[in-house]
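Student: My questions are about this predicted structure, shown below with the sequence.
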Amino acid sequence: MKRLILVIVVLVLMPTVSSSVQAQPAADWTGFYAGLNIGYGWGGHAMKVSGDPQTEAAIALGILPSALADDPSGVVGGAQAGYSHQLRWLVLGVEADFQGTDISARQSVSPSVPPFLTFTTAGEQRLGFLGTLRGRIGIAPWGGLLFYGTGGLAYGDVRLSASSTNPGCLGFCGSGSQSDVGTGWTVGGGAEYRFATRWSLKAEYLHYDLGTKSLKIRDSRFPGVVPRFRADFDGNVTRVGVNYRF
């Protein structure tokens, strides 16, 4: 008899408990927010050197390197702001962020060319800042936890500088630099946790691609020699941040 009463109570209460759990999302992510972030960024490409036949011959002879300033990396840090709207477990939103970066690589190569000249070729690639405007789509399954994917527009300050010198400039001597705002795309994902009513912590990964930039350097004494330095400005960012929800 006791067992029968227990079964009846469970059957009566189960639909009520189940509907109550389903009707109440774990946390409400709807609203505006803003915050700060800090992290680390890195790329995977060297500056490539190419050019006219004379330049290609200099590369083949070891006077000029074929590549230098590989694997740029550095610290990133900045701010983000956005808006989210929750539909039960689905969270949709848009976010913009802007950060200064120290993602860069610099290298000097000095091969000795017989009988006595030492040619020094230096190159640097640098990302001065990085900004994005992205859509976000995520799920909030339980507690104060949100998992999301994100993607959209990316832009950044891409910089190249290069030089080729030798003692007394007896051979080819030239230098140059270029700075531009490159545009492209970004995609990534992350997780966010509400540890208080208005505060949340997040961890995020982004891959960005701002395209390819190139720089030519010249020496008026050697008009046929025009080395071209080229770099692909794509890379990765991992970062952590904190958000305040208004």
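Tutor: Sure thing, it's come through.

Student: Show me where the chain has its helices.
Tutor: For the chain, applying DSSP state H gives helices covering 2-23, 53-60.

Student: Those helices: lowest mean pLDDT?
Tutor: Least confidently modelled of these is helix 2-23, at a mean of 39 by mean pLDDT.

Student: for this protein, which spans come out with low pLDDT?
Tutor: 1-26, 112-116 (pLDDT under 70).

Student: ok, 80 please
Tutor: For the chain, residues meeting the criterion pLDDT under 80 lie at 1-27, 112-117.

Student: And for V226, the neighbour number?
Tutor: 16 (other C-beta atoms under 10 Å). For the C-beta atoms, the positions are set from N, CA and C on the backbone; glycine is no exception.

Student: Counting neighbours, what do you get for F233?
Tutor: By other C-beta under 10 Å, neighbour count at F233 equals 27.

Student: So it sits against V181, correct?
Tutor: No. F233 is beyond contact range of V181, at 11.1 Å (criterion: C-beta atoms under 8 Å).

Student: so what's in contact with the two at the same time?
Tutor: 156, 158 (C-beta atoms under 8 Å, 6 or more residues apart in numbering).

Student: now G78: how far from G100?
Tutor: 6 Å (C-beta to C-beta, to the nearest Å).

Student: Between the two, which has more neighbouring residues?
Tutor: Using other C-beta under 10 Å as the criterion, G78 and G100 rank with G78 on top: 18 against 14.

Student: Show the contacting residues for the more buried one.
Tutor: If you count contacts by C-beta under 8 Å, 6+ apart, G78 has them with 36-37, 97-100.

Student: next one: T150
Tutor: 95, 134-137, 186-190, 204, 206.

Student: can you do 7 Å?
Tutor: 134-136, 188-189 (C-beta atoms under 7 Å, 6 or more residues apart in numbering).

Student: Buried ones among those residues?
Tutor: 134, 136, 188-189 (16 or more other C-beta atoms under 10 Å).

Student: Not counting sequence-adjacent ones, nearest residue to G77?
Tutor: Among residues not flanking G77 along the chain, I38 sits closest, at 4.2 Å (C-beta to C-beta, 6 or more residues apart in numbering).

Student: doesn't A79 make contact with the one you found?
Tutor: No. Judged on C-beta atoms under 7 Å, I38 makes no contact with A79 at a distance of 10.4 Å.

Student: Now the nearest residue in space to F119 that is not next to it in sequence: phi and psi?
Tutor: Among residues not flanking F119 along the chain, N166 sits closest, at 4.8 Å (C-beta to C-beta, 6+ apart). Note on N166: backbone dihedrals following degrees, to the nearest 10 are phi -150, psi 160.

Student: Pull out the buried residues from the contacts of G78.
Tutor: 37, 97, 99.

Student: Tell me who's in contact with the first one.
Tutor: Think N37. 77-78, 80, 99, 239-241.

Student: let's see 10 Å
Tutor: 76-80, 97, 99, 202-204, 237, 239-243 (C-beta atoms under 10 Å, 6 or more residues apart in numbering).

Student: Mind giving me the PyMOL command for buried ones among these?
Tutor: A single PyMOL command selects the buried members of the contacts of N37 (16+ other C-beta under 10 Å):
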select buried, resi 76+78+80+97+99+202+204+237+239+241+243
